[in-house]
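Enquirer: predicted model and sequence follow; I will ask about them next.
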Amino acid sequence: MVTKTTQPTAFQIQDLNCWYGNRQALQKISLSIPERQITAIIGPSGCGKSTFIRCLNRINDLILGFRLKGCVLFKDQDIYGANVDAICFPVRFLRQALQASSEGRSQSFAHLASRVGQVKRER
């Protein structure tokens with residue numbers, strides 16, 4: 001059942017398609033995510049849940065060969081737009097398995113900071 005909401009929209013996703021190299025991971029995703037509500041993305045392993053969430057917080061910027069087509073708006077701002085520099089979005093990612101060590105976390109963040117803005121976007 002789809003319910004209408006009168007709350008402001010945090011994310012507006014329009015015709016989102018994503019690829020890792022030649023492999024398409026997401027195809028024609030369009031939805032609105034309301035502000036100040038918990039949203040769960042549920043599905044079987046390998047269906048694109050993690051890819052979709054990484055599109056919302058731009059963690060896919062770390063992955064060489066990643067590209068996307070479509071629009072991801074956060075509070076009416078295109079997060080992959082030409083005028084967007086390094087920014088952080090309030091998206092939390094609860095993983096299926098916990099990592100035992102946080103040792104590599106600072107290296108990952110440093111690498112992410114160096115890659116922000118390098119994602120190839122098709123128009």
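Expert: Now that the structure is in, tell me what you want to look at.

Enquirer: let me see the ranges of the helices in this protein.
Expert: All helices of the chain, identified by DSSP state H, fall at 49-57, 105-115.

Enquirer: ok, S50 to T39 distance?
Expert: In this view, S50 and T39 are 15 Å apart by C-beta to C-beta, to the nearest Å. For every residue, glycine as well, the C-beta is placed using N, CA and C.

Enquirer: who has more neighbours out of the two?
Expert: Each of S50 and T39 has its neighbours counted (other C-beta atoms under 10 Å); S50 has more, 17 against 13.

Enquirer: nearest residue to Q7 other than its sequence neighbours?
Expert: Leaving out its chain neighbours, the residue that sits closest to Q7 by C-beta to C-beta, 6 or more residues apart in numbering is P34, at 4.4 Å.

Enquirer: what's the neighbour count on the nearest residue to P8 once chain neighbours are set aside?
Expert: Nearest residue to P8, sequence neighbours excluded (C-beta to C-beta, 6+ apart): E35, at 4.6 Å. Around E35 there are 11 other residues, counting by other C-beta under 10 Å.

Enquirer: give me the pLDDT value at D76.
Expert: You'll see D76 listed with a pLDDT of 88.
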